[in-house]
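*Asks:* no sequence on this one, just coordinates:
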Ligand code: ITT
């Protein structure tokens, strides 16, 4: 009897450690636009995601990969669920990569107008968005995937779609149009987030098979 219980417990522990394939993945974010973009990208791979709003302290680090990884480990540890945490930022060449990992704070304080003011007088308006998508499930190692989109900072604020710095970023693939002037589908064709998520999806489906 005691041995039987022991075996049952061991089996349960093993099951808990099994990679959570085929299960819903929880995308931890408070940003509904981000979630919507991710949902559409992953739907193309038949990967279902649910938005999980969680009050998580975001660590400060110079590296978005570390921020996403630590966020995913922490969120999965707290919820016992397979989760994705994505961290992204806008890196401006003339400002040596600023605001980068501090994009959220800079967006809240200086905003889009502040970035345009900072770039007044600069010829070089090259910039890139970077995304780090970290996946962590109970009993497994964290995996992280990166995506980049190159472009430039526009001279004026244009477009209503998207969020954050979208109305001041012109991706190279859509010259003369900002992310704010693109549909979600157009943005998803080239964005940093969709590129990182597609790498994740390809890895995830391989793991599954
Ligand atoms: P969560 O942390 O809750 O996921 P967030 O909006 O704070 O949501 P990030 O920390 O990843 O997301 O992004 C930091 C900032 O970078 C974000 O507030 C935007 O201003 C900007 N940003 C990131 N991705 C962007 C995108 O696709 N388009 C426009 N701005 C973006």
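*Replies:* Happy to help now that I have it. Bear in mind the structure is a predicted one, so any value in this text is a computation, not a measurement.
*Asks:* and stretch 172-182, end to end?
*Replies:* End-to-end span of stretch 172-182 (Cα to Cα, to the nearest Å): 13 Å.
*Asks:* now do stretch 157-177
*Replies:* 11 Å.
*Asks:* and if you look at stretch 103-119?
*Replies:* Stretch 103-119: ends 16 Å apart by Cα to Cα.
*Asks:* give me the mean pLDDT for it.
*Replies:* In this model, stretch 103-119 carries a mean pLDDT of 98.
*Asks:* what does that stretch contact?
*Replies:* For stretch 103-119, the surrounding residues in contact (Cβ atoms under 8 Å, 6 or more residues apart in numbering) are 58, 88-90, 92, 94-95, 98-99, 125, 153, 155-157, 164-165, 167-168. No exception for glycine: its C-beta is placed from N, CA and C like everyone else's.
*Asks:* could you rerun that using 7 Å?
*Replies:* For stretch 103-119, contacts defined as Cβ atoms under 7 Å, 6 or more residues apart in numbering pick out 89-90, 94-95, 99, 125, 153, 157, 164-165, 167-168.
*Asks:* tell me the one among these nearest to the ligand.
*Replies:* residue 164 (2.5 Å; Cβ to the nearest ligand atom).
*Asks:* which non-adjacent residue is nearest the closest one?
*Replies:* In space, and not counting its chain neighbours, residue 164 is closest to residue 107: 5.6 Å by Cβ to Cβ, 6 or more residues apart in numbering.
*Asks:* okay, now that neighbour: neighbour count?
*Replies:* 18 (other Cβ atoms under 10 Å).
*Asks:* tell me which element it is part of?
*Replies:* If you go by DSSP states H and E, residue 107 is part of helix 103-109.
*Asks:* give me the contact status of that helix with the ligand.
*Replies:* Yes: looking at helix 103-109 against the ligand by Cβ under 6 Å from any ligand atom, the contacts come from 103-104, 107.
*Asks:* hang on, the earlier thing: from the contacts of stretch 103-119, which land in strands?
*Replies:* Among the contacts of stretch 103-119, the members found in strands (DSSP state E) are 89-90, 153.
*Asks:* helices of the chain, start to end?
*Replies:* Using DSSP state H, the helices found in the chain span residues 2-17, 32-43, 64-79, 103-109, 111-118, 184-190, 192-208.
*Asks:* those helices: lowest mean pLDDT?
*Replies:* Among the helices of the chain, helix 2-17 scores lowest, at a mean of 37.
*Asks:* sorry, back to before: quick one: the residues of helix 103-109 next to the ligand as CSV, columns for distance to residue 66 too.
*Replies:* Formatted as CSV, the residues of helix 103-109 next to the ligand follow (distance: Cβ to Cβ, whole Å):
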residue, distance to residue 66
103, 15
104, 15
107, 20
